[in-house]
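Engineer: Just a sequence and a predicted model for now, questions to come.
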Amino acid sequence: MSLGSQDLSSIQRPAKPFLAVPTTEGLFQLILAVYFLVCAHYTFPNFGGYGLTLPANYVAWMMMSILIGLGLWQWARARALMVTPQLILFWLGGLVLTLPLLAPSIEDLSLAGPRVAALIAGLLLYTAILQFRVTSAIWQQLLPLILAGAVLQSLIGLVQYYVLEPGNFMGYNTAENRPNGTFQQVNVMASFMATGFAISLFLALMPQEKPVSRLVQTLLLMMAFSGPLLLVVIQSRTGQLAGLAVLTFEPAPDLEDSSAVETF
């Protein structure tokens with residue numbers, strides 16, 4: 001009994017799995033997408049404070065701890081630790097900052113301890129991200145996600161500034177009326193708005209290999225409107241200096257190159 005060429009090809013071709021196992025790089029993008037689109041905007045009424053006394057920081061470090069775990073897993077799989085000169089310098093700097101805690105004259109570490117722990121966690125996060133071997137193309141794909149997160153946070157800020165009244169569910173101070181989003185800190189909110197504004201200008205001015213989607217164009221326009229507005233009403237010198245730096249140092253497009261100009 002003979003088999004035709006089609007029968008042979010069907011036998012040799014392996015069946016596709018119903019659910020493909022994602023790569024570590026894919027999990028990296030997925031976790032960041034969940035954070036910037038959902039988790040970064042979670043909050044509930046609280047008494048304020050700083051660090052892990054704020055709900056947004058709890059959720060953020062939950063996601064970051066997953067990234068650290070994935071980075072260690074990737075290290076174990078590859079059996080090679082990705083190290084850069086910057087990473088060595090960062091760890092040396094962190095070591096220098098922790099040395100004063102070893103002084104025998106220091107008896108109470110209740111204030112310095114959490115800050116040093118956050119420093120070490122940040123170094124671990126940076127070390128873990130290096131293990132993913134994320135290419136520049138993947139980082140460019142993540143820019144619209146960060147932009148979307150900034151736009152969502154700017155909408156929260158606009159609601160705080162224009163809509164909320166005294167005694168609101170967010171505990172927002174309408175008398176002071178300086179939007180702080182879910183971060184509950186004006187400098188953090190302003191820095192995030194400046195970051196979103198910088199990304200919007202970068203995506204709008206830089207040449208793109210593929211046409212920008214309608215959704216990304218909408219996000220660009222929304223950030224171009226809400227970003228500068230919130231930087232003014234927040235009244236944060238940190239954010240305003242960051243916004244000024246964006247306008248000053250953002251590379252200008254090559255007007256002779258028609259592909260560098262986007263039409264909205």
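Structural biologist: Received it, and whenever you're ready, just let me know what you need. These numbers were taken from a predicted model, which means no experiment stands behind them.
Engineer: okay, CA-based contacts and neighbour counts for the rest of this
Structural biologist: OK.
Engineer: Enumerate every residue touching the residue lying closest to residue 33 once chain neighbours are set aside.
Structural biologist: Leaving aside its sequence neighbours, residue 33 sits nearest to residue 145 (CA to CA, 6 or more residues apart in numbering; 6.2 Å). Residues in contact with residue 145, defined by CA atoms under 8 Å, 6 or more residues apart in numbering, are 33, 36, 37.
Engineer: What about those, which are in helices?
Structural biologist: Under the assignment DSSP state H, the contacts of residue 145 contribute 33, 36, 37 to helices.
Engineer: Just to check, residue 130 is in contact with residue 85?
Structural biologist: No - Residue 130 is beyond contact range of residue 85, at 11.9 Å (criterion: CA atoms under 8 Å).
Engineer: More neighbours: those two, which one.
Structural biologist: residue 130 (18 against 7; other CA atoms under 10 Å).
Engineer: Name the helix or strand for that one, please.
Structural biologist: Residue 130 is part of helix 112-131 when elements are defined by DSSP states H and E.
Engineer: Residue 195 too?
Structural biologist: Assigned by DSSP H and E, residue 195 belongs to helix 186-205.
Engineer: And the next helix or strand past that helix?
Structural biologist: That would be, after helix 186-205 and using DSSP H and E, helix 214-234.
Engineer: Summarise which helices and strands the helix or strand that that next one is followed by is packed against.
Structural biologist: Downstream of helix 214-234, the next assigned helix or strand under DSSP H and E is helix 237-249. In this structure, helix 237-249 makes packing contacts with helix 186-205, helix 214-234, judged by 3 or more CA pairs under 8 Å, 6 or more residues apart in numbering; DSSP states H and E.
Engineer: Quick one: mean pLDDT over the last one.
Structural biologist: By that I understand helix 214-234. Regarding helix 214-234, the rounded mean pLDDT is 93.
Engineer: Now do that helix and helix 186-205, the angle between them.
Structural biologist: Inter-element angle recorded for helix 214-234 and helix 186-205: 140 degrees (by axes from the mean of the first three to the mean of the last three CA atoms, to 10 degrees).
Engineer: helices and strands around helix 214-234, which ones?
Structural biologist: Helix 214-234 sits against helix 136-162, helix 186-205, helix 237-249, with contacts defined as 3+ CA pairs under 8 Å, 6+ apart.
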